[in-house]
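Undergrad: quick one: sequence plus predicted model below, questions after.
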Amino acid sequence: MVGGLKEMNIPSSDSYLEYEAVYVNSTRTQGFLVWYNSDGKEMARFKATSGSGSPKYFTLPEGDYVGSNFNTSSNTLFMRDGIGFTVRLGPSKVWDTNKKAYRIGLLIHPARYSGTQGCIGLIDNSKQILNFRYLISSYLQINRSINVAATVKK
């Protein structure tokens, strides 16, 4: 189900997230942040973006990350439709072959309408962003982290 939540149960400890996206311009990607259970079965799918139209903000580099440290946020950089939160993506420093520089401070959060500064930003409707917030905050209360993969089709 696109953008839909297939199960509202808290996912098992071996579940993982994957940002599956395509380029929409040279610095921005768009697609879905997909939650898979330990068997690789899709549990939920959320519309997401990374980067912006600005040449100084690039999309999240492809690779494997670890999501941790859920926090609510009132910072407008991390809000959409009044919903704000962040999930830290590690490692803390990542080499970006597109930007040819190290990237730091990468997150998952609701995206502003102009995109993100390279984080994974949720662009789904308010109900789906709230569903993701509930799932990730509940999951990270039980588990210390979640694996996150980023794949971008050229």
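TA: Looks like it arrived, so ask away.

Undergrad: from here on, contacts and neighbour counts on C-alpha atoms
TA: Fine.

Undergrad: now the lowest-mean-pLDDT helix or strand in the chain: how far from the chain's centre is it?
TA: None of the helices or strands of the chain scores lower by mean pLDDT, DSSP states H and E than strand 93-96, at a mean of 82. With C-alpha atoms, centre = their mean, to the nearest Å as the basis, strand 93-96 stands 17 Å off its chain's centre.

Undergrad: do stretch 29-48 as well
TA: Offset of stretch 29-48 from its chain centre (C-alpha atoms, centre = their mean): 10 Å.

Undergrad: what does the average pLDDT come to for that stretch?
TA: When pLDDT is averaged over stretch 29-48, the result is 95.

Undergrad: on contacts alone, who are the packing partners of the least confident helix or strand of the chain?
TA: With contacts defined as 3 or more C-alpha pairs under 8 Å, 6 or more residues apart in numbering; DSSP states H and E, strand 93-96 has these neighbours: strand 101-104.

Undergrad: from the contact counts, what lies against the strand it packs on?
TA: So strand 101-104, by 3+ C-alpha pairs under 8 Å, 6+ apart, packs with strand 93-96.

Undergrad: isn't there a helix covering residue 18?
TA: No - applying DSSP: H, G, I helix; E, B strand; the rest coil, one finds residue 18 to be strand, outside a helix.

Undergrad: could you measure it against residue 116, distance?
TA: Distance, residue 18 to residue 116, using C-alpha to C-alpha, to the nearest Å: 17 Å.
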